[in-house]
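**Student:** how does the following fold in three dimensions:
(one chain, ligands or ions: 2)
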Amino acid sequence: MTTLAHVSDLHFGRPAVAERLDALKDFIAGVEPDAIAVSGDLTQRCTNREFRQARAYLDSLAKTAPCVVIPGNHDIRWLGAVARNLGLARLFREQAHNFKYSRYVRHVSEDLSPSLEVPGAVIVGVNTAHGITRGSITRRFRDLGVIGHVKHADVERVREAFENASPDAARVVMLHHNPIRGELSGRHGLANTEQALHAFADLGTELILCGHDHQDAVHSIERGTHGLVISTAGTISNRIRAGRASSFNLVEIDADNLRITAHAWRQGKGFVPSEDRTFPRQTASRRA
Ligand SMILES: [Fe+2]
Ligand SMILES: [Fe+2]
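**Tutor:** Numbers count the residues shown, from 1 in each chain. Ligands and ions are numbered 1, 2, ... in the order given. Here you go, the predicted structure:
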């Protein structure tokens, strides 16, 4: 059995709640997962101070298990990068890239799309937070700087990482932006959702981890001949949707099944299991 703690949208800064963060850390230490996957939005306003707090927290999680972390739209300085982003000259685009991710790179990692393989699973992080770029411009003004997209080069990186991983490792992709419309928000996180889902399905992805929507959800979908399970982790912060609680997802993978258990914050009780779903693994049905 491989266990992954999937947490998202910590939002260090005003929305962060120390009590919940401490409880999460203790919970994870008790579970001793094989890996901790953090699907972006570490900060609220992308400040150095927030990043320092996030860094310290990630370091404390890493004492329990290896962490794989990607940036979210709140972790990039997209506004200041707009002019450079849209520039035609390659030089400007490079400057924009460096500027956008400068704080994330300084405090968290130079690798915006890291991979991690543990026994039983390979998790490939894909950075979908690019700010305002050609790929993420939609007709809706409120998407500006918020929506993400999956770049072709990253799909190729996933392919390569999967090719190099152990054949019996579950294939997992981690994104920040939700590829399934949020029930309460009514919104997709990605500008190129269908293209991305088909590409990941074709690569044999079994599970997608994402966040951004601030509402926990578990879906199973079919694209082409492949089935995909999507774990959307809620937020640990207090930026929760009406009627919902702070939450995270626990993923358990064995040879036959993939099980996701959402854990919701209950005042006075801490994080408690709130909903769980089990799916037969693709690889198990292929073996049969
Ligand atoms: Fe968020
Ligand atoms: Fe986000």
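**Student:** get me the contact residues on the stretch 151-288 of the chain for ligand 2.
**Tutor:** By the criterion of CB under 5 Å from the ion, the positions of the stretch 151-288 of the chain lying close to ligand 2 are H212. (Glycine included, C-beta is placed from N, CA and C.)
**Student:** now the strands for the stretch 151-288 of the chain?
**Tutor:** Counting by DSSP state E, counting those that start in this stretch, residue ranges of the strands within the stretch 151-288 of the chain are 170-174, 207-210, 217-223, 226-232, 247-253, 257-266, 270-280.
**Student:** try the stretch 1-150 of the chain
**Tutor:** For the stretch 1-150 of the chain, applying DSSP E, counting those that start in this stretch gives strands covering 2-7, 35-38, 67-69, 115-118, 121-125.
**Student:** show me what contacts the closest residue to D276 other than its chain neighbours?
**Tutor:** Take D276 and drop its neighbours on the chain: the residue closest to it by CB to CB, 6 or more residues apart in numbering is T261, 4.0 Å away. Going by CB atoms under 8 Å, 6 or more residues apart in numbering, T261 touches N249, L250, E252, P273, E275, D276.
**Student:** who's the second one bridged to?
**Tutor:** Right, the one you point to is L250. A5, T261 (DSSP bridges).
**Student:** that one - how many residues pack around it?
**Tutor:** 23 (other CB atoms under 10 Å).
**Student:** just the pLDDT for it.
**Tutor:** At L250 the predicted local confidence, pLDDT, stands at 98.
**Student:** who's in contact with it?
**Tutor:** Each residue near L250 by CB under 8 Å, 6+ apart is listed here: T3, L4, A5, H6, V31, P33, I260, T261, H263.
**Student:** which one of those residues sits closest to A169?
**Tutor:** Each of those was scored against A169 by CB to CB, and L4 proved nearest at 11.9 Å.
**Student:** show me what contacts the residue of the stretch 151-288 of the chain found nearest ligand 2?
**Tutor:** Among the residues of the stretch 151-288 of the chain, H212 lies nearest to ligand 2; the distance is 3.7 Å by CB to the ion. Contacts for H212 were tallied using CB under 8 Å, 6+ apart; they are S8, D9, S39, G40, D41, G72, N73, G148, H176, H177, N178, G189.
**Student:** how about R159?
**Tutor:** L203.
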